[in-house]
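Chemist: Coordinates for the following, if possible.
(chains A and B)
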Amino acid sequence: MGAFILRRLALAVPSLLGISIVLFAVLALAPGDPFAELATNSNVPPEVREHLRASLGLNDPVASRYLHWLVAMLHGDWGFSFISRVDVTTLIWQRVPVTLGLIGTSQLLALAIAIPVGTLSAVKPYSWFDRIASTIALAGFSLPTFFTGILLILVFSIKLDWLPFVYRSDVEATGWRAVVEHVRQAIMPVCVLGLFQGAGWTRYVRSAVLDVIRLDHVTTARSKGLAERVVVTRHVLRNALIPVVTLVALQMPTVFGGAIVTEQIFRIPGIGSLLIDAILRNDTPVIMGVTFVFSVLVIVFNLVADLLYGLLDPRIAYR
Amino acid sequence: MASSIPASPTAEAWRRFRRHRMAVASLGVLALLVAAVVLGPLAWRVPIDAIDFSAMTQGPTLAHPFGTDDLGQDLLARMLYGGRISLAVGFAAMAMAVVVGVTVGAVAGISRGPVDAALMWLTDLFLSLPQLPLLLLVIYLFREQLKGLFGPEGGVFILIVLVIGCFRWMQVARLVRAQFFSLREREFVEAARALGATPWRLTWRHILPNALGPVIVAGTIDVAAAIIAESTLSFLGLGFPPDIPTWGRLLFDSKDHLDIAAHWALFPGAAIFLTVMAINFVGDGLRDALDPRRVLS
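Modeler: As a prediction, the model looks like this:
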């Protein structure tokens, strides 16, 4: 198992490098010269401008500029926010836990829906339950997160006035009241993200279970006289979850996209809303930092999926 | 069926497609939506930017069937106009994704060896990029320049189609490559090769037409995904400018007035939902129709 983890870690390095090259290329190709203002300023002679450019390494070949940039990014040296004058690293680290909490809870909700519903659908394909569940899943998967968010706000905050629609990190209450408040304001964002993912995954789980349930070992398990529940959970589900894990990992970029939208709707102070604010205010260092963090998170989650894969399917881990 | 003449592949696919009732209904809904945005502005001749302060944030009335926004602008007219842009972005981005995907997949599938490995590495890399943050970053960095080149409408349109297309070709590329791998070992391709067909002709005339089924399905789903992507960008305030009221943009403008003008958010949101769901159902039906392995009772 240790060697397997190491091998997977080694495989993550090229993808991190690839992503960093894409990021840097986007940045390097972008129009706009940081010294454009100096060029039009007649008080700054061209030699001084040239000297400044050279001292900042802007005239170096692209490869060495990339290396400098990569080393700085990896050291956590991401510069200062143009707007709040705070170190970008501090700014991001304050907000990462909120985003991870939102994503984590909503993914648990999604799995709690997708696995039972998808399995039940596949055990009796084309039954009434399956038809209804599949139709609802397709509808839910077609409802974009921003519209679900608005619908939930309309119903539960404006019409019924049950839940707050603006997320506040500084809840006034203390003790139990504070916990209740935090849960109340987290319900809608978690549902928006969790229901959307859950609908998509229900479809995956259903088709994965359908593929496994016809295999011979399942027939064997049934003919041994095992209870249907045992057959489904121990013999079918465990095998069906292997492709599902891959698909879930492939979905991670979409999940982050959904998290950005959700954070923006409910004004949750995570890195997604930080990114949007930074873009609206032209705060380039923050934009770069957040995009980099999202890339790293995608890779980390892919790694976790790989490890889970190894746990579910021993053939892979010990090969 | 009693007829002894085998049905043509198209007729057979249509027969299979019709069995999926939701897909047929969705095809009708989709045709209606397209007709509405294409022909609607000709019939509903209210200007999209006529400001009327006496009719601000009104609910649906006879004069304004979908109500008005905070400047008293008619929402039906705005939605019909914006729908054109939303649907056009969806189809154009899909076309771009399919062209890139088929090219990458076909080149990888026909060439094997290091070229294939490199292209698949690129595909996997694109699959693991955080798409929305990168979309936002690219739009942030390049928007002004393209606006200068193609004007505010054209520039944003081209940029959005390009970036969405660039992030959606991977699925198609993988599908095409997988199809090529299985098809190029088949007897009819072998025969064509033995007759001296060039790799280009093999690809274009023999393998590609047979690999198109899954591509059509993936392309259909891509239209829905592109419409969602455009609406998401506009909803975040980073897509089209306010004078181009795409459905996502209307939602963005409405979200601070939810308590007084729910209709303003509900109509464009429902339009996006309906379009995307109809496209997804049609994709589902096409999958049933075009996958010959699928046995339908």
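Chemist: what ranges do the helices span in the stretch 1-150 of chain A?
Modeler: A:2-29, A:36-40, A:46-55, A:62-74, A:88-123, A:128-142, A:145-152 (DSSP state H, counting those that start in this stretch).
Chemist: Need those in a markdown table (columns: mean neighbour count).
Modeler: Glycine gets a C-beta too; all of them are placed from N, C-alpha and C. What follows is the helices of the stretch 1-150 of chain A, written out as a markdown table (neighbours: other C-beta atoms under 10 Å in any protein chain shown):
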| stretch | mean neighbour count |
| --- | --- |
| helix A:2-29 | 14 |
| helix A:36-40 | 11 |
| helix A:46-55 | 12 |
| helix A:62-74 | 13 |
| helix A:88-123 | 19 |
| helix A:128-142 | 17 |
| helix A:145-152 | 24 |
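Chemist: okay if I get those helices as JSON lines plus mean pLDDT?
Modeler: Output for the helices of the stretch 1-150 of chain A, formatted as JSON lines (pLDDT from 0 to 100):
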{"stretch": "helix A:2-29", "mean pLDDT": "78"}
{"stretch": "helix A:36-40", "mean pLDDT": "54"}
{"stretch": "helix A:46-55", "mean pLDDT": "68"}
{"stretch": "helix A:62-74", "mean pLDDT": "78"}
{"stretch": "helix A:88-123", "mean pLDDT": "87"}
{"stretch": "helix A:128-142", "mean pLDDT": "85"}
{"stretch": "helix A:145-152", "mean pLDDT": "85"}
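Chemist: closest one to B:Leu119 among those?
Modeler: Comparison of the helices of the stretch 1-150 of chain A against B:Leu119 by C-beta to C-beta identifies helix A:2-29 as nearest, at 13.2 Å.
Chemist: in the stretch 201-319 of chain A, what spans have low per-residue confidence?
Modeler: Applying pLDDT under 70 to the stretch 201-319 of chain A flags the ranges A:316-319.
Chemist: change it to 50
Modeler: Residue ranges of the stretch 201-319 of chain A with pLDDT under 50: A:319.
Chemist: How about the residues of it by chain B?
Modeler: A:250, A:252-254, A:256-257, A:260-261, A:264-265, A:275-276, A:279-280, A:282, A:287-288, A:290-291, A:294-295, A:297-299, A:302 (C-beta under 8 Å from any C-beta of the partner chain).
Chemist: Return a PyMOL selection command for the buried portion of those residues.
Modeler: Selection of buried members from those for PyMOL, criterion 16 or more other C-beta atoms under 10 Å in any protein chain shown:
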select buried, chain A and resi 250+252+253+254+256+257+260+261+264+265+275+276+279+287+288+290+291+294+295+297+298+299+302
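Chemist: hang on, the earlier thing: can I get the helices of the stretch 1-150 of chain A in a markdown table with distance to chain B?
Modeler: Conversion of the helices of the stretch 1-150 of chain A to a markdown table gives the following (distance: least, C-beta to the nearest C-beta, whole Å):
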| stretch | distance to chain B |
| --- | --- |
| helix A:2-29 | 4 |
| helix A:36-40 | 12 |
| helix A:46-55 | 20 |
| helix A:62-74 | 14 |
| helix A:88-123 | 12 |
| helix A:128-142 | 4 |
| helix A:145-152 | 4 |
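Chemist: Select, out of these, the one closest to B:Thr198.
Modeler: helix A:2-29 (33.4 Å).
Chemist: how far out from the middle of the chain is that closest one?
Modeler: 17 Å (C-alpha atoms, centre = their mean, to the nearest Å).
Chemist: the inter-axis angle of that helix versus helix A:62-74?
Modeler: If you take axes from the mean of the first three to the mean of the last three C-alpha atoms, to 10 degrees, helix A:2-29 sits at 120 degrees to helix A:62-74.
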